[in-house]
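Can you look at this prediction? I've put the sequence above it.
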Amino acid sequence: MERLAQTPSGAWTESQLATMAKVRDAAMKDPYAYDELAHLCNNIGPRLSGSPQAQAAVEWVAAEMRKQGATVSLEKTMVPHWVRGEETASLTSWPGATPGTTQKIVVTALGGSAATPPEGITAPVVLVHDLAELKRLPPAATHGRILVFDHPFDKEMAANGQGTAAYGQSVLYRALAPSAGAAAGAVAVLVRSVGGAEYRLPHTGATSYEGAAGHIPAGAVTAEDADLLDALVKQGPVTMHLVLTPQTLPLTPSYNVIADWKGKEHPEQVVLVSGHLDSWDLGTGAIDDGAGIAVSMQTIHLLHAMGLHARRTIRFVAWMDEESGSEGAATYATDHADALPDHVAALESDLGADHPIGITFAGSPLLAEYLKPVADALAPIGATLVTRGEDAGEDIAAIVTRGVPGFTPTQDSRFYFNYHHTAADTLDKVDPHHLAENAAVMAVTAYALAEAVEPAPRLAPEK
């Protein structure tokens with residue numbers, strides 16, 4: 001038997017480390033990920049859960065994985081089917097308005113929003129900056145009004161590489177504002193778009209309704225229009241006309257795409273590599289999350305092209321419905337519950353396609369030392385940082401809490417939230433070189449975890 005390399009974990013032989021380098025270099029040279037992403041975005045287009053494009057994407061990805069020689073199956077899951085309708089808004093009166101004029105407000109419906117009547121609603125505007133300010137208002141101040149939450153995205157935090165943290169601070173208003181507004185008697189709620197780009201781009205995303213107050217129309221306005229409203233309501237009464245006509249249709253069947261590249265010694269043990277296939281409908285889902293799908297597909301493609309089979313099975317999963325409730329992930333966690341002890345690791349890429357600086361893991365602290373040889377293999381592309389995080393991806397979260405170690409590329413997040421969930425999420429935002437770097441991180445990490453002599457250490461499942 002070949003001796004183990006003198007590495008901190010001792011999990012890989014010298015020849016396995018050499019193979020990791022070959023996988024890395026192949027990922028950097030092979031255009032497969034970008035070519036697949038281009039077809040997914042340009043030819044299939046936006047892939048809203050339950051839509052015909054989402055189903056077309058399922059069928060196309062399955063066919064592409066069969067071409068690589070993987071064993072492919074479709075895992076049925078029931079998903080929401082929400083359809084965007086007309087979405088317009090305008091100010092009909094405001095301090096200093098020229099008689100007989102209106103002023104356009106750029107708006108988009110939040111995913112899952114209720115509809116206004118077809119003719120829309122006209123109501124006074126009340127604006128608050130956070131939930132605490134709303135609680136201080138008397139009931140009469142919000143009853144029958146359009147409530148606007150003007151909570152800004154922290155662009156300076158994002159510019160310092162903490163885009164995900166900045167997003168987390170603002171996105172709760174997208175989730176909670178409609179219920180808070182309904183409870184306060186508002187007839188509709190609008191939130192300031194959650195993102196850093198101020199190009200008058202509204203930012204969509206899922207919202208939810210809690211409690212017994214009822215469902216009211218919910219949308220997002222651009223940062224510029226939120227600033228405009230903030231300035232005008234300080235001067236006097238403002239009235240808005242709002243039309244949002246989405247439809248919530250019955251749940252519809254869809255599928256996770258599962259493609260197995262069988263292990264040569266322990267095919268029952270699984271290393272999962274994944275992204276989510278659905279996207280919002282304003283753009284074409286290039287960075288969220290076509291890129292994650294493409295780099296995960298390339299893992300299987302490279303192994304096929306190089307004739308490599310690791311000890312364990314590498315399983316590609318294209319998750320369905322991450323954006324509207326993660327039903328695909330919930331289905332997988334339920335359907336594979338008995339097999340999770342044999343899931344050695346789970347990888348997910350869902351933070352775009354900018355330069356990766358390393359690997360973030362969720363699980364045992366011992367993984368930091370364990371992963372050092374993998375980080376060394378990624379040194380030529382500058383992806384050497386190994387970081388412990390709270391999670392490694394929305395879709396793998398359910399199985400990570402059950403003890404499966406989770407991994408994701410640590411990506412530059414300074415610009416991701418400029419485009420995410422907007423009409424600007426299109427293929428031109430993806431740098432092919434950066435995409436190849438992400439493909440290298442995913443492929444090398446997946447191969448290393450599947451080939452390791454000693455499997456990745458894991459925590460006990462949460463109870």
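That came through fine. Keep in mind the model is a prediction, meaning the values are calculated, not measured.

Mind exporting the C-alpha coordinates of the strand ranked longest in the chain to CSV?
Scanning the chain for the strand with the most residues, using DSSP state E, yields strand 247-261. Backbone C-alpha positions of strand 247-261 (Å, rounded to 0.1, in the frame of the first residue of the first chain) are rendered in CSV as follows:
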residue,chain,number,x,y,z
GLN,A,247,-51.4,34.6,-8.9
THR,A,248,-50.7,31.8,-6.5
LEU,A,249,-51.6,28.5,-8.2
PRO,A,250,-51.9,25.0,-6.7
LEU,A,251,-48.7,23.2,-5.8
THR,A,252,-47.2,21.5,-8.8
PRO,A,253,-44.8,18.5,-9.2
SER,A,254,-41.2,19.2,-10.0
TYR,A,255,-37.9,17.3,-9.5
ASN,A,256,-34.5,17.3,-8.0
VAL,A,257,-32.0,16.0,-10.6
ILE,A,258,-29.7,13.4,-9.0
ALA,A,259,-26.7,12.0,-10.9
ASP,A,260,-24.4,9.5,-9.3
TRP,A,261,-20.7,8.9,-10.3
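
Moving C-terminal from that strand, which element do we reach first?
Next helix or strand after strand 247-261 toward the C-terminus (DSSP states H and E): strand 266-276.

quick one: the helix or strand following that next one to strand 266-276, angle?
On the C-terminal side of strand 266-276, the closest following helix or strand by DSSP H and E is helix 291-306. Here helix 291-306 runs at an angle of 140 degrees relative to strand 266-276 (axes from the mean of the first three to the mean of the last three Cα atoms, to 10 degrees).

What residues of helix 291-306 count as buried?
Of the residues in helix 291-306, those with enough neighbours to count as buried (16 or more other Cβ atoms under 10 Å) are 291-304. (C-beta placed from N, C-alpha, C; glycine too.)

Same check on stretch 215-232?
Using 16+ other Cβ under 10 Å as the test for burial, stretch 215-232 gives 216-226, 228-229, 232.

could these go into a markdown table alongside distance to Arg174 and secondary structure?
Shown next, in a markdown table, are the buried residues of stretch 215-232 (distance: Cβ to Cβ, whole Å; DSSP: H, G, I helix; E, B strand; the rest coil):
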| residue | distance to Arg174 | secondary structure |
| --- | --- | --- |
| Ile216 | 14 | coil |
| Pro217 | 14 | strand |
| Ala218 | 8 | strand |
| Gly219 | 10 | strand |
| Ala220 | 7 | strand |
| Val221 | 12 | strand |
| Thr222 | 14 | coil |
| Ala223 | 14 | helix |
| Glu224 | 18 | helix |
| Asp225 | 16 | helix |
| Ala226 | 13 | helix |
| Leu228 | 20 | helix |
| Leu229 | 17 | helix |
| Leu232 | 23 | helix |
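
And the furthest pair within those?
Of all pairs drawn from those, the one with the longest distance (Cβ to Cβ) is Ile216 and Glu224, at 24.1 Å.

Contact partners for Gly236?
Taking Cβ atoms under 8 Å, 6 or more residues apart in numbering as the definition of contact, the neighbours of Gly236 are 94-95.

And it, how far from Pro124?
Counting by Cβ to Cβ, to the nearest Å, the separation of Gly236 from Pro124 is 11 Å.

rewinding a little: how far away from the center of its chain is the longest strand of the chain?
Remark: strand 247-261 is offset 16 Å from the chain centroid, using Cα atoms, centre = their mean, to the nearest Å.

Then stretch 267-284?
Computed by Cα atoms, centre = their mean, the separation of stretch 267-284 from the middle of its chain amounts to 10 Å.

Using PDB, list the CA coordinates for it.
As requested, the backbone C-alpha atoms of stretch 267-284 are provided in PDB (Å, rounded to 0.1, in the frame of the first residue of the first chain):
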ATOM      1  CA  PRO A 267     -20.500   3.100  -3.700                       C
ATOM      2  CA  GLU A 268     -23.000   3.300  -0.800                       C
ATOM      3  CA  GLN A 269     -21.000   6.200   0.700                       C
ATOM      4  CA  VAL A 270     -21.900   9.600  -0.800                       C
ATOM      5  CA  VAL A 271     -20.200  13.000  -1.300                       C
ATOM      6  CA  LEU A 272     -22.800  15.300  -2.600                       C
ATOM      7  CA  VAL A 273     -22.000  18.300  -4.900                       C
ATOM      8  CA  SER A 274     -24.800  20.700  -5.700                       C
ATOM      9  CA  GLY A 275     -26.500  24.000  -6.600                       C
ATOM     10  CA  HIS A 276     -30.100  25.000  -7.000                       C
ATOM     11  CA  LEU A 277     -31.700  24.900 -10.400                       C
ATOM     12  CA  ASP A 278     -34.700  27.300  -9.900                       C
ATOM     13  CA  SER A 279     -34.200  31.000 -10.100                       C
ATOM     14  CA  TRP A 280     -36.200  34.200  -9.800                       C
ATOM     15  CA  ASP A 281     -37.900  35.400 -13.000                       C
ATOM     16  CA  LEU A 282     -36.600  39.000 -13.300                       C
ATOM     17  CA  GLY A 283     -33.300  38.000 -14.800                       C
ATOM     18  CA  THR A 284     -32.000  34.600 -16.000                       C
END
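
Need the mean per-residue confidence for that stretch.
Regarding stretch 267-284, the rounded mean pLDDT is 98.

repeat for stretch 236-251
Rounded to a whole number, the mean pLDDT of stretch 236-251 is 98.

next one: stretch 447-456
Rounded to a whole number, the mean pLDDT of stretch 447-456 is 96.

how far out from the middle of the chain is stretch 172-191?
Between the centre of stretch 172-191 and the centre of its chain there are 23 Å (Cα atoms, centre = their mean).

Sorry, wrong one. I was asking about stretch 31-46.
Put simply, stretch 31-46 sits 17 Å off its chain's centre (Cα atoms, centre = their mean).

which residues of the chain score low on pLDDT?
Scanning the chain for pLDDT under 70 picks out 1-10, 463.

which residue is nearest the centroid of it?
The geometric centre of the chain, computed from its C-alpha atoms, lies nearest to Asp350 (Cα atoms, centre = their mean), at 4.9 Å.

Output stretch 375-386 in PDB, but only the C-alpha positions, please.
This file holds the C-alpha atoms of stretch 375-386, laid out as PDB (Å, rounded to 0.1, in the frame of the first residue of the first chain):
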ATOM      1  CA  ALA A 375      -6.300  24.000   0.500                       C
ATOM      2  CA  ASP A 376      -2.700  23.400  -0.500                       C
ATOM      3  CA  ALA A 377      -3.900  21.800  -3.700                       C
ATOM      4  CA  LEU A 378      -5.900  24.900  -4.400                       C
ATOM      5  CA  ALA A 379      -3.000  27.300  -3.700                       C
ATOM      6  CA  PRO A 380      -2.300  28.100  -7.400                       C
ATOM      7  CA  ILE A 381      -5.700  29.700  -7.700                       C
ATOM      8  CA  GLY A 382      -5.500  31.500  -4.400                       C
ATOM      9  CA  ALA A 383      -8.200  29.500  -2.600                       C
ATOM     10  CA  THR A 384      -6.200  28.500   0.500                       C
ATOM     11  CA  LEU A 385      -8.400  29.900   3.300                       C
ATOM     12  CA  VAL A 386     -10.200  27.300   5.400                       C
END
